[in-house]
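Asker: give me coordinates for this.
(one chain, ligands or ions: 2)
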Amino acid sequence: MGLNPPILGLFRRLLAERDQSEGADWDATDSELDCAVYHDPDIHRREVDRVFRRMPLCLGRADQLPEPGSMIARDLLGLPLLIVRDRGGEIRVLLNVCRHRGARLLEAQETVCRQSTLSCPYHAWTYELDGALRGIPGAEGFPCLQRAERGLRQLPSAVRHGFIWAVLDPQASAPDVAGFLGDIDRDLASLGLEGHHFFRQRVQRRACNWKLVMDAFQEVYHIRRLHAGSIAGYFPGSRFTAEGEGLHTRILVGRELLAQAQDLPEDQWDVRCHATLTHAIFPNSLIIYHPDFTSHLGLFPTDPGEVLFVHSLFTPHAPRSEKERAHWERSFDLIDGSVFSAEDLRISEQIQSALGAGANQRFALGRFEQNLRRFHEHLAALINRD
Ligand code: FES
Ligand SMILES: [Fe+2]
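Answerer: Ligands and ions are numbered 1, 2, ... in the order given. Next up, the predicted model:
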């Protein structure tokens with residue numbers, strides 16, 4: 001399939017700029033960023049209330065819950081969630097909180113399968129997989145209780161491009177994911193993500209502000225130095241182009257095979273082989289298109305200095321042999337362990353731990369870091385709104 005016009009445009013620019021200096025926004029000037037955004041509790045509270053609780057957030061891949069009864073418990077943004085595939089096959093995002101006296105229905109944070117009903121571990125109220133209240137032991141003790149009003153609370157959600165999206169506010173209406181993504185929606189369709197296969201996931205709590213991680217994945221200025229011992233060799237010259245799409249951003253980084261694309265017709269340009277495409281989906285998702293698999297990163301702050309980092313790897317199809325499975329296992333270990341965890345997250349934690357040292361009141365952002373400037377401007381505009 002040919003590339004979507006906006007990605008094609010980005011590719012043309014990348015090739016045109018290949019022989020010039022690294023892909024910077026030469027019309028921009030350098031700027032500064034107030035370090036308070038990484039530790040101020042009031043800013044954090046407003047980010048949660050005005051951004052994370054209002055926008056559709058990508059919670060992961062739908063086929064992580066492969067069959068009716070598959071479910072996963074996850075605490076995100078202070079909300080205990082239960083993501084379930086119900087008997088009819090529909091994905092539901094429920095609050096993992098019993099409607100009797102508030103116990104958690106499921107504690108496991110890994111995917112489990114319950115074919116029948118959910119039973120509360122405290123007094124054994126039971127619920128259908130769609131959240132409806134089914135059974136109350138000693139029901140005669142609740143003569144006035146309206147069962148229909150005591151189902152598990154549900155959050156508005158949708159599945160699009162194989163991803164689960166939800167708004168973490170039970171009062172909100174169903175998310176318009178296509179409208180929210182704008183032209184990025186067409187990018188995702190053209191990349192055929194819907195049919196991909198969930199392969200593996202790792203969830204880590206890391207001691208840094210969520211935006212330090214978003215920053216690290218929205219600039220390539222650091223690749224040559226921070227990733228010198230791992231992936232820098234794949235990205236000679238750290239050449240890139242980027243483009244804002246509403247609140248979101250596309251970033252295209254040239255790989256070592258970029259020069260070959262110059263001699264190929266445009267319909268053979270490949271955003272996984274000649275370059276690496278990243279979609280930064282506001283506020284907290286990143287989709288990275290590696291040569292033969294794809295990463296989704298979801299960043300969920302727990303407080304100003306801590307983030308839940310959820311990395312899901314998905315592949316174009318289920319492994320067809322043990323060799324293929326072993327290859328993707330090794331790929332995950334390399335990219336998740338040796339690159340993201342040991343390099344990007346480690347440096348983000350170091351930065352966080354030194355914020356109080358007084359060295360910087362403001363960080364410097366250069367022409368290579370304009371995606372960060374735009375990201376922080378969008379965020380500031382949203383959280384400072386009355
Ligand atoms: S809290 Fe769940 S049954 Fe009582
Ligand atoms: Fe990095």
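
Asker: mind listing the helices for the stretch 151-300 of the chain?
Answerer: Under the criterion DSSP state H, counting those that start in this stretch, the stretch 151-300 of the chain contains helices at 177-181, 183-190, 210-216, 223-226, 258-261.

Asker: most packed of the ones you listed?
Answerer: Mean neighbour count (mean count of other Cβ atoms under 10 Å) peaks for helix 210-216 among the helices of the stretch 151-300 of the chain, with a mean of 23. Heads up, the C-betas are built off the backbone N, CA and C, glycines and all.

Asker: how long is stretch 334-351 end to end?
Answerer: Start-to-end span of stretch 334-351 (Cα to Cα, to the nearest Å) is 23 Å.

Asker: buried residues in it?
Answerer: 335-336, 339-341, 343-345, 348-349, 351 (16 or more other Cβ atoms under 10 Å).

Asker: can you list contacts of that stretch?
Answerer: 38, 202, 204, 206-209, 212-213, 215-217, 222, 226-227, 230-231, 290, 295, 297, 309, 311, 313 (Cβ atoms under 8 Å, 6 or more residues apart in numbering).

Asker: same thing but at 6 Å, please
Answerer: For stretch 334-351, contacts defined as Cβ atoms under 6 Å, 6 or more residues apart in numbering pick out 202, 206-208, 212-213, 216, 226-227, 230-231, 311.

Asker: check stretch 211-225 too.
Answerer: Against stretch 211-225 from outside (Cβ under 6 Å, 6+ apart): 232, 235, 238, 240, 253, 280, 286, 299, 344, 348, 351, 368-369, 371-372.

Asker: check stretch 316-330 too.
Answerer: Stretch 316-330 is contacted by residues 196-197, 199, 315 when judged by Cβ under 6 Å, 6+ apart.

Asker: which of the contacts of stretch 211-225 count as buried?
Answerer: Buried among these by 16+ other Cβ under 10 Å: 235, 238, 240, 253, 280, 286, 299, 344, 348, 351, 368-369, 371-372.

Asker: phi, psi for the residue in the stretch 151-300 of the chain that ligand 1 sits nearest to please.
Answerer: Closest contact between the stretch 151-300 of the chain and ligand 1, by Cβ to the nearest ligand atom, is at residue 152 (10.6 Å). Torsion angles at residue 152 (phi, psi; degrees, to the nearest 10) stand at phi -60, psi 140.

Asker: can you check residue 52 too?
Answerer: Dihedral pair for residue 52: phi -70, psi -30, per degrees, to the nearest 10.

Asker: didn't it look like it was pressed against residue 79?
Answerer: No - counting by Cβ atoms under 6 Å, residue 52 does not reach residue 79; the two are 9.9 Å apart.

Asker: in TSV: the buried ones among the contacts of stretch 211-225, plus pLDDT and distance to ligand 1.
Answerer: Shown next, in TSV, are the buried ones among the contacts of stretch 211-225 (pLDDT from 0 to 100; distance: Cβ to the nearest ligand atom, whole Å):
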residue	pLDDT	distance to ligand 1
235	94	52
238	80	54
240	92	52
253	96	50
280	98	40
286	98	37
299	98	32
344	98	41
348	98	39
351	98	42
368	88	53
369	93	49
371	95	46
372	96	45
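
Asker: just the ones of the residues you listed in strands?
Answerer: Among the buried ones among the contacts of stretch 211-225, the members found in strands (DSSP state E) are 240, 253, 280, 286, 299.

Asker: let me know the closest of the residues you listed to residue 131.
Answerer: When these are compared for distance to residue 131 (Cβ to Cβ), residue 299 wins out at 27.4 Å.

Asker: that's all I had, so thanks and see you.
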